[in-house]
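Trainee: fold the stuff below for me.
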Amino acid sequence: MLPDLPPLPALTRAEGELIDRYLEAVDLLGRINPARPGDTYLGLRAAQALVRKATELRDALALMHQRGETELHGDTLARALRVLDGERRAARVMLPPDGVG
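Mentor: Predicted coordinates:
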C-alpha cells in the first residue's frame, strides 16, 4: 500500500498547468543531463520534446499573466512541487556527486 501523500495545496487551473509543464520540462532535462550516463539517441529525443514542453510552459505562464495572475506564490507552488516528487525529479538535472554516474 502506498503511503498517504499530503494533499496538493489549492491552485488555480493555470498554476496547476504551470506546475505540470514545469515538471515535464525538468524530467526531460534530467534525461538530457550530460553528466549522467545514457544513450545519445534518447537524449536527442528528450531535447526535441523539450522544445514543445518549453512552448507549453511559456503558454501556461502567458495564460496566468493574461488572467491577471501576475505573482508566483513560491511557498504554495513549492509545496505542490514537493507533493509531486519535484525534489527527486529536479535532482536528476543537477551534477551527480563525484564518482556517481
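Trainee: and the residue nearest the centre of the chain, what does it touch?
Mentor: Closest to where the C-alpha atoms of the chain average out (C-alpha atoms, centre = their mean) is Leu23, at 1.7 Å. Leu23 is in contact with 81, 84, 86, 89, counting by C-beta atoms under 8 Å, 6 or more residues apart in numbering. To be clear about C-beta, it is placed using only N, CA and C from the backbone, and glycine gets the same treatment.
Trainee: and it, how far from Leu84?
Mentor: 6 Å (C-beta to C-beta, to the nearest Å).
Trainee: what's downstream of whatever helix or strand Ala60 lives in, the next helix or strand?
Mentor: Ala60 belongs to helix 40-66 when elements are defined using DSSP states H and E. Using DSSP H and E, the helix or strand that follows helix 40-66 in sequence is helix 74-83.
Trainee: packing partners for that following helix?
Mentor: helix 13-32, helix 86-91 (3 or more C-beta pairs under 8 Å, 6 or more residues apart in numbering; DSSP states H and E).
Trainee: list of residues touching the last one?
Mentor: It stands for helix 86-91. So helix 86-91 is contacted by 23, 26-27, 30, 80-81 (C-beta under 8 Å, 6+ apart).
Trainee: highest neighbour count among those?
Mentor: Ala80 (21 neighbours; other C-beta atoms under 10 Å).
Trainee: ok, that residue touching Asp20?
Mentor: No: using C-beta atoms under 8 Å, Ala80 is not in contact with Asp20; the gap is 9.8 Å.
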